[in-house]
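A.B. asks: okay, predicted coordinates and the sequence, questions at the end:
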Amino acid sequence: MKKLFLIAVLAIFTNTAYATTSIHANVKGMVCAFCAKGINKKLRELEATQDVWVDLKNHMVVVELKEQKTMTLEAFTKLIKDAGYDVDNVEYINKTLADIKAEHAHAKELK
């Protein structure tokens, strides 16, 4: 019975960890292209990073994770804070970076 329970918990944890494809955060203090480029470069150096999008106008950073790779929100936040910026509303999103960009483009068109 204990083995079955452990297998079920591991299966749920594994599926949850790998179902998340992106990390989304609002970053305060990003005011110029140099700021955005620095954050982009730091995040791209990480093993778990598939792609990065830094939206300077909306003070938003999105990291798409590689398949079967993870990054904790704490590690993401620490990297941004160590670069000299404040992080607000950091969260996992089960969407690809392309989907997120498309949603923002669509919302922009509606304005």
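C.D. replies: Okay, I see it. Since this is a predicted model, take the numbers as computed values, not measurements.
A.B. asks: assumed Val31 was part of a strand.
C.D. replies: No - Val31: not assigned to a strand; according to DSSP: H, G, I helix; E, B strand; the rest coil it is coil.
A.B. asks: got phi/psi on the residue nearest to the spatial centre of the chain?
C.D. replies: Computing the C-alpha centroid of the chain and ranking residues by Cα atoms, centre = their mean puts Ile23 first, at 1.7 Å. Dihedral angles of Ile23 (phi, psi; degrees, to the nearest 10) stand at phi -120, psi 130.
A.B. asks: contacting residues for it?
C.D. replies: Contacts were defined as Cβ atoms under 8 Å, 6 or more residues apart in numbering; by that measure Ile23 touches Val62, Val63, Leu65, Met71, Leu73, Phe76, Val90, Glu91, Tyr92, Ile93. Every C-beta, even on glycine, is put in place using the N, C-alpha and C of the backbone.
A.B. asks: could you flag which of these are buried?
C.D. replies: Applying a neighbour-count criterion of 16 or more other Cβ atoms under 10 Å, the buried members of the contacts of Ile23 are Val62, Val63, Leu65, Met71, Phe76, Val90, Tyr92.
A.B. asks: columns pLDDT, secondary structure and distance to Lys108 on top of those, output as TSV?
C.D. replies: Shown next, in TSV, are the buried ones among the contacts of Ile23 (pLDDT from 0 to 100; DSSP: H, G, I helix; E, B strand; the rest coil; distance: Cβ to Cβ, whole Å):
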residue	pLDDT	secondary structure	distance to Lys108
Val62	97	strand	15
Val63	98	strand	21
Leu65	97	strand	25
Met71	96	coil	28
Phe76	97	helix	25
Val90	97	strand	23
Tyr92	96	strand	24
